[in-house]
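Asker: only geometry, no sequence info:
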């Protein structure tokens, strides 16, 4: 749900986002969620491979593999154990972390790796 809300905010800011899901089932679930989670707004989106980020009107693309192109502003990563190899292609990266202790530990490991790459990392505690 948080990834959908974040994609909505990015859309309202006029930016494009790529959402990298953990696996195909998660990508499809997020695709369905973006159609239904907010009755008052719509986030124009496609699944990876169905459209390029530059397709008119598309502000979000969802996939479970690297994107077909890199014409995006923001990467929303739902990956648990890894940093996508292509993360440097984006202006910003948002890592979504669940409340489970395992999720938090994996996020701490990714945080350290981003720092090792020389990134300035900000954290935001979001309570839904």
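Answerer: Ah, there it is. Worth saying up front: this structure is predicted, and the values here are computed from it rather than measured. Residues are numbered from 1 along each chain as shown.
Asker: contact partners of the host helix or strand of residue 112?
Answerer: Here residue 112, judged by DSSP states H and E, is contained in helix 101-116. Identification of contacts with helix 101-116 by Cβ atoms under 8 Å, 6 or more residues apart in numbering yields 80, 81, 82, 83, 93, 95, 97, 98, 121, 123. For glycine as for every other residue, the C-beta is placed from the backbone atoms N, C-alpha and C.
Asker: dump these to TSV, plus pLDDT and neighbour count.
Answerer: Converted to TSV, these look like this (pLDDT from 0 to 100; neighbours: other Cβ atoms under 10 Å):
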residue	pLDDT	neighbour count
80	86	16
81	85	9
82	88	13
83	91	18
93	90	19
95	89	19
97	86	19
98	82	13
121	79	13
123	74	9
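Asker: now, among those residues, which is nearest to residue 32?
Answerer: The shortest approach to residue 32 among the contacts of helix 101-116 belongs to residue 98, at 19.1 Å (Cβ to Cβ).
Asker: now the closest one: closest residue in space, sequence neighbours ignored.
Answerer: Distances taken as Cβ to Cβ, 6 or more residues apart in numbering place residue 104 nearest to residue 98, at 7.9 Å, with adjacent residues excluded.
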